[in-house]
Every structure is written in structure tokens, then in C-alpha cells.
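S.K.: coords below, sequence missing:
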């Protein structure tokens, strides 16, 4: 492929020149002309990668396989995993197997830095590829390989249970693997051993003798319109271009709109309420009796975790009721030291489609700017660990419905939306790194 060969030539020239750029005594060994040339090489290579290779899944696969064979040391190339076609993931995995049982430092010393980072991406997109290699994962007990145990069922559950029952620091590791196994028998074992009725990592709750998921078992990506994506990519820095395959899932979706539509003033602080997402009805697999509109006060939510809204019979938010930290309705919240310009949300609404999510993107934990993390249903992508919400009215666990985070309206974190159908109450939780 011409594009791949051109990129490799640019990469080789960039690497060769970069090796001369060793700082000695505070001074670079490159002349000013060479430094300018190095900048041009980087820019040209980045542009070739972004515009000619990443839009072509087969070219992305060819380049990644070549870099793995060459034992490339640039960790930035792990993002190529997001752009290769799904049918190429097994080939990529096989090339990365030598790094499976190595930690980060060991992989780097062995010249398998890119292989190690690529495995971290693959465990989200294709955890089934790891299932024939569980003994190696079990011996290493690597916390960074948790997600490789997703969906393993009862495979190696005996070993994991025995590990869990040992009085050692590995108990939490074994519990995490068992929760990710997607096996009722393992859920029952943990519930009995721990005396709990909710498994936070699994998102499962034991109620009336039956396990139920705290999220819909279907997932939709909130996919902006093509013009919005194009307009964004023309103005945003290269590292925030939204050209990942997760932004371009094929198939016809349901219309939706997110962001924009500032509402009436918040009765507590006077700031206009911010529209987040309107979910139409019906959405297959999402049990709603009306459309739902979610809003939030962008300033109150900073001091309250979560912010609570009551919805009317049409699904519209009727009034906010705060049950979080830092807010008392009798005294209000002090925003005098808050830089409000730093927390402005977009007033322009984005048209979007709810597109059924392929299995590859069902589990997402990559919080770089490349992937589309805007989702309706499915398991949430926790930024700081599970935070399932409880309805303040009935004290029952709420259903996770959606999450929002993207480069079109960057929130510097993830906003999660929860719903209690019986009380018609929503909870909006914001998390930041």
C-alpha cells in the first residue's frame, strides 16, 4: 500500500533525525535547519496517518502489523487498534502474544512496548481472544488485565474461587475476575461469600432471588451527523479529530439530539439549566413509557453528587431536587469562587443518531479523545470506578441510561444519567479525572 510505505519512510526519517536530538549539556545536537526539518517530518507523518491510513481499515491493519513486526517503540501507535477492521483483531492479538505475561517494564525491556499497550486495547474490544490464554493471566494476576476475563463464564472459576478464599492481597483481583465472568454461579458465590446483594463491577443486583442488570442489555452509540463531524475535524487540533471507527458505526439509527437548548434558570443558583440528551420513544430494548429529556444545572452539579430531577408524565424535567454534597436548600450554594467560564456547555444542539453498537464497542475504557464514549444503554464506562445511584424517593437502585463525553462538547470528564421509572426521577452524576 502506497500510503503505508510512505508513512514508514517518513517515520524512519523522523526516527533517524530524532536520534540525533539528544540533549547534551542543555543544548540540542540538531542545527536549526534540522530542528525545522524534524518538525516538518512529524507534521507530514501525522497528516499521512490521519488522512490516508486511519480512514482505511485495511491500511491501518497493514501498518499496525508492520510496526509490531518491527517492534516499534512509539506507544502512540496503539491507537491504530481502534482503526483496524474487526476481522483483523485476531491477527493483531497473535502478534502481541509474546507480551501477554509481561508487565509494562518487562515488555519495554524486551522491545515489546507497543505489543503490551496493544493488548490493553484488545481486552476491551475483543476479550474473547484472551480466553484460551487464561492460565498465563492467572499466574501473573495482572490488575491491568482485568477486562480480559469478561464473558469467560465458568472457565477457571474453580481456580479463581480458591484464590478468592485465600487470605492474601490477591482476593480483590480474584473478585474482579469473577465479577467480569458473566456467570450466575460466580455471582451467587460472591454474594454468599461477601454477604452483599450488589456486585458493583458486574453491574448486577440480586433482587427477589434473581440477578438483574443495572443497565439495559442493549447499547447504542450517540453518533453525531456527518456535517458536525466534518466541521469539528476541520477546526480541532489533530489529536482531537473524531475519525475513530467508533464514530462511524454503519447502520441506520434513531434520531436524537444532545447538548444545546438552554432551559429556564435553576431555582437554586439562577444559572440556566443545560440540556443534555433527549431520548425518543420507542428505542428497542430501552424500556421507557415516554420520551425522556435530561437536563442539569452546570454549576450546581459541581457541588452536588448527584443532581436529582423529577419528571412529569411527558418525560420533561419538572423541578430539580438536590441530594448531594455541599448543597442545603435553606442556604443555597456559594459560587463566588467558581470560574464559571471554565464550565460553559455548548448552546448549540447537535443532531445525532442512536446507532446499535457492535460487540467490539460494547465495553469501552479508553478515555482518550479518539473514541466515541457517548452511549445510551449498555455497561457504563466508569472513569473513577462504579458509582451506581440510589433513588432518593424509593431507595431502590436506579437504572443507568446514558453517558456523555466527546470532543464536540468536551466536558473534561464523563456525565452519567440514571433513571427510576417508578418514581420518574433522574440522577445526573459528573466525574472528572
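M.R.: Good, I have the coordinates. Small disclaimer: the values here were computed from a predicted structure and weren't measured.
S.K.: let me see the confidence value for the residue lying closest to residue 81 once chain neighbours are set aside.
M.R.: Taking CB to CB, 6 or more residues apart in numbering as the measure, residue 81 lies nearest to residue 121, with 4.1 Å between them; neighbours along the chain are not counted. C-betas here are computed from N, CA, C, even on glycine. Residue 121 carries a pLDDT score of 95 in this model.
S.K.: and if you look at residue 167?
M.R.: As summarised for this prediction, residue 167 has a pLDDT of 83.
S.K.: just say helix, strand or coil for it.
M.R.: Following DSSP: H, G, I helix; E, B strand; the rest coil, residue 167 is assigned to coil.
S.K.: next one: residue 50
M.R.: Three-state call for residue 50 (three-state DSSP): helix.
S.K.: got the phi/psi numbers for residue 219?
M.R.: The phi/psi pair for residue 219 (degrees, to the nearest 10) reads phi -140, psi 140.
S.K.: what about it, how many residues nearby?
M.R.: Other residues within reach of residue 219, judged by other CB atoms under 10 Å, total 23.
S.K.: bridging across strands, which residues link to it?
M.R.: Beta bridges link residue 219 to residue 377 when assigned by DSSP bridges.
S.K.: for it, give me its contacts.
M.R.: For residue 219, the residues meeting the contact criterion (CB atoms under 8 Å, 6 or more residues apart in numbering) are 356-357, 361-362, 375-379.
S.K.: one step back: after the helix or strand that contains the residue nearest to residue 81, next one along is what?
M.R.: Remark: residue 121 resides in helix 113-125, with elements defined by DSSP states H and E. Next in sequence after helix 113-125, counting helices and strands by DSSP H and E, comes helix 134-140.
S.K.: for that next one, packing partners?
M.R.: The contact analysis (3 or more CB pairs under 8 Å, 6 or more residues apart in numbering; DSSP states H and E) places helix 134-140 against helix 157-165.
S.K.: all helices of the stretch 1-150 of the chain, in order?
M.R.: When secondary structure is read from DSSP state H, counting those that start in this stretch, the stretch 1-150 of the chain shows helices at 2-19, 32-48, 57-69, 89-96, 104-109, 113-125, 134-140.
S.K.: quick one: residues in contact with the fifth one.
M.R.: Counting contacts by CB under 8 Å, 6+ apart, the residues outside helix 104-109 that touch it are 99, 113, 115-116, 144.
S.K.: in ChimeraX, select just the buried ones from the residues you listed.
M.R.: The command below creates a ChimeraX selection of those among the contacts of helix 104-109 that count as buried (16 or more other CB atoms under 10 Å):
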select :99,113,115,116
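S.K.: show me where pLDDT drops low in the stretch 201-350 of the chain?
M.R.: When residues are selected by pLDDT under 70, those of the stretch 201-350 of the chain lie in 303-305, 319, 321-347.
S.K.: do a quick rundown of the helices in it.
M.R.: Under the criterion DSSP H, counting those that start in this stretch, the stretch 201-350 of the chain contains helices at 226-235, 300-303.
S.K.: got TSV for those, with mean neighbour count too?
M.R.: As requested, the helices of the stretch 201-350 of the chain are exported to TSV (neighbours: other CB atoms under 10 Å):
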stretch	mean neighbour count
helix 226-235	13
helix 300-303	20
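S.K.: include distance to residue 137 when you put those helices into TSV, please.
M.R.: TSV is the format used below for the helices of the stretch 201-350 of the chain (distance: least, CB to CB, whole Å):
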stretch	distance to residue 137
helix 226-235	37
helix 300-303	39
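S.K.: nearest to residue 207, out of these?
M.R.: Across the helices of the stretch 201-350 of the chain, residue 207 has its closest neighbour in helix 300-303 (29.0 Å, CB to CB).
S.K.: what is the closest one packed up against?
M.R.: Other helices and strands packing on helix 300-303, by 3+ CB pairs under 8 Å, 6+ apart, are strand 425-432.
S.K.: would you mark the buried spots in the strand it packs on?
M.R.: Residues of strand 425-432 classed as buried: 425-431 (neighbour count, 16+ other CB under 10 Å).
S.K.: between the residues you listed, which is closest to residue 205?
M.R.: Sorting the buried residues of strand 425-432 by how near they are to residue 205, with CB to CB, puts residue 427 at the top with 16.0 Å.
S.K.: what's the pLDDT at that closest one?
M.R.: Predicted confidence (pLDDT) at residue 427: the value is 93.
S.K.: pretty sure it sits against residue 310.
M.R.: No: using CB atoms under 8 Å, residue 427 and residue 310 do not qualify as a contacting pair, with a distance of 11.0 Å.
S.K.: quick check, the residue nearest to residue 81 in contact with residue 84.
M.R.: No: Residue 121 sits out of contact with residue 84 when judged by CB under 8 Å, with a separation of 10.2 Å.
S.K.: tell me the spacing between the closest residue to residue 11 other than its chain neighbours and residue 61.
M.R.: Closest residue in space to residue 11, ignoring its immediate chain neighbours: residue 45 at 5.8 Å, by CB to CB, 6+ apart. Using CB to CB, to the nearest Å, one obtains 18 Å as the distance from residue 45 to residue 61.
S.K.: same thing with residue 238?
M.R.: The spacing between residue 238 and residue 61, counted by CB to CB, is 21 Å.
S.K.: same check on residue 141?
M.R.: From residue 141 across to residue 61, the span is 32 Å (CB to CB).
S.K.: just residue 394 next, same as before
M.R.: Distance from residue 394 to residue 61, counting by CB to CB: 50 Å.
S.K.: what about those two, which has more around it?
M.R.: Per other CB under 10 Å, whichever of residue 394 and residue 61 has more neighbours is residue 61, with 22 against 12.
S.K.: please look at the more buried one and residue 91 and confirm they touch.
M.R.: Yes: in this structure, residue 61 sits in contact with residue 91. The criterion is CB under 8 Å, and the distance is 7.4 Å.
S.K.: sorry, back to before: pick out whichever of residue 121 and residue 84 has more residues nearby.
M.R.: Between residue 121 and residue 84, residue 84 has the larger neighbour count (other CB under 10 Å), namely 23 against 20.
S.K.: residues in contact with the residue nearest to the more buried one when sequence neighbours are not counted?
M.R.: Here the nearest residue to residue 84 in space, its sequence neighbours aside, is residue 61; by CB to CB, 6+ apart that works out to 4.1 Å. Applying CB under 8 Å, 6+ apart to residue 61 gives the contacts 84-85, 88, 91-92.
S.K.: the residue nearest to residue 122 when sequence neighbours are not counted - how many residues pack around it?
M.R.: Distances taken as CB to CB, 6+ apart put residue 93 closest to residue 122, at 5.6 Å, once the chain neighbours are dropped. When neighbours are defined as other CB under 10 Å, residue 93 has 20 of them.
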